[in-house]
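S.K.: Task: produce atomic coordinates for the following.
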Amino acid sequence: MTVLVGFLAGCAAGFGGWLMLRPTFSAPTFARKNHRGQFIPTAVGLVLPLAVLAAETALQVAESLDWEPNAVTDVPRASVLILALGLGLLGLLDDLAGTGESGGFRGHLGALRHGRFTTGSLKLFGGAAVAIVAVQGPRSDSLGRVLLDAAVIALCANAANLFDRAPGRTVKVSLVAFLALVIATGAPAELLGVAVVVGAAAGLLWPDLREQMMLGDVGANVLGGVLGLGVVIATAPTTRTIVLLGVLALNLASEAVSFSKVIDDVAPLRAIDRAGRKP
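M.R.: Just a heads-up that it's a prediction; the model follows:
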């Protein structure tokens, strides 16, 4: 029930945030070409960390009025807040200042070898640092486990960004991943903060599908990273290691395989991917 309430609150915060901030995102600063070559606002995924901040503010105010929420959610919620704000800041910088000249691990590291520290490189290393800070609280009790769990978060954040190549795709994939996590773990209350973020993304799904906005790196990275944090919060070390290997393989495969082509070549995936999208 706690996770469902968080998800619904996130939906309201996400869609409400889009409506309130739509005039702000219409500024030329945010205008970028989409896959059709049309200029629409990017970085609207900034609504996700703002939704987390709003939810946390409401809970803190409620606590000051002597309403005591489930105490087991305190530490995980703090980790979600740290991660969402940290990855959101790095993603926003890449959305607004990045030139896109070097994509993927190979591109970013290649740019470093030539003496160029791109916004993508900053996101890569800064995201790893934020992930390490975020996992210190939930369940990581040794240096090795901290690094492995931080890698889960960082790789999930990058994987979400890899899917952000078509309207609504990242949100759809994330909803499926969150549903699988909830079913596999029994929806523990510790996933409250994660549910708020995924709910906020769901609140942005329709305008995303209708090409009124783009999540941008700020939205994709926050969404993927928080889902990775959800794995760290709610699963055993062995499961986290298996997930780490899976998302690592996914990230490495992206260097050689186009996910868009794979989705288009598999009829069921193609149908789900295009559902709700403009022709």
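
S.K.: Any stretches of this protein with poor pLDDT?
M.R.: 68-69, 99-118, 137-140 (pLDDT under 70).

S.K.: Can you classify the most centrally placed residue in it by secondary structure?
M.R.: Central residue of the chain (C-alpha atoms, centre = their mean): residue 223, 1.4 Å from the mean position. At residue 223 the chain is in helix, as set by DSSP: H, G, I helix; E, B strand; the rest coil.

S.K.: Please report the separation between the first and final residues of stretch 198-212.
M.R.: 19 Å (C-alpha to C-alpha, to the nearest Å).

S.K.: List the buried residues for that stretch?
M.R.: 198-205, 207-209, 211-212 (16 or more other C-beta atoms under 10 Å). C-beta here means a position set from N, CA and C on the backbone, and glycine is covered the same way.

S.K.: wait, which of these is closest to residue 81?
M.R.: residue 200 (13.0 Å; C-beta to C-beta).

S.K.: what's the helix or strand for that closest one?
M.R.: Assigned by DSSP states H and E, residue 200 belongs to helix 192-203.

S.K.: list the helices and strands that helix packs on?
M.R.: helix 2-25, helix 47-64, helix 74-97, helix 169-185, helix 216-234 (3 or more C-beta pairs under 8 Å, 6 or more residues apart in numbering; DSSP states H and E).

S.K.: Need the winner for burial among those.
M.R.: helix 216-234 (a mean of 30; mean count of other C-beta atoms under 10 Å).

S.K.: Would you mind giving the buried residues of stretch 198-212 as TSV with distance to residue 48 added?
M.R.: Listed next are the buried residues of stretch 198-212 as TSV, based on distance: C-beta to C-beta, whole Å:
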residue	distance to residue 48
198	9
199	10
200	5
201	6
202	11
203	10
204	8
205	12
207	14
208	12
209	17
211	19
212	17
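
S.K.: which of those residues lies closest to residue 152?
M.R.: The closest of the buried residues of stretch 198-212, once distances to residue 152 are taken by C-beta to C-beta, is residue 198, at 16.6 Å.

S.K.: That closest one contacts residue 225, doesn't it?
M.R.: No. Residue 198 lies out of contact with residue 225 (C-beta atoms under 8 Å); the separation is 11.9 Å.

S.K.: and of the helices and strands packed on helix 192-203, who's closest to residue 259?
M.R.: Comparing the helices and strands packed on helix 192-203 under C-beta to C-beta, the one sitting nearest is helix 169-185, at 8.7 Å.

S.K.: who's in contact with that closest one?
M.R.: Outside helix 169-185, the residues that touch it by C-beta atoms under 8 Å, 6 or more residues apart in numbering are 3, 160-161, 163-164, 191, 194-195, 198, 201-202, 204-205, 208, 215, 219-220, 223-224, 227, 230-231, 234-235, 263, 272-273.

S.K.: before we move on, what about stretch 70-79?
M.R.: Contacts for stretch 70-79 (C-beta under 8 Å, 6+ apart): 2, 56, 59, 134-135, 137-138, 188-194, 229, 233.

S.K.: Next, the distance between the ends of that stretch.
M.R.: For stretch 70-79, the end-to-end distance is 16 Å (C-alpha to C-alpha).

S.K.: Residue 40 in helix, strand or coil?
M.R.: Classified using three-state DSSP, residue 40 is strand.

S.K.: Relative to residue 153, how far out is the closest residue to it other than its chain neighbours?
M.R.: In this structure, residue 40 finds its nearest non-sequential neighbour in residue 34, 5.3 Å apart by C-beta to C-beta, 6 or more residues apart in numbering. Remark: distance between residue 34 and residue 153 (C-beta to C-beta, to the nearest Å) = 28 Å.

S.K.: next one: residue 230
M.R.: From residue 230 to residue 153 the distance is 10 Å (C-beta to C-beta).

S.K.: repeat for residue 272
M.R.: 26 Å.
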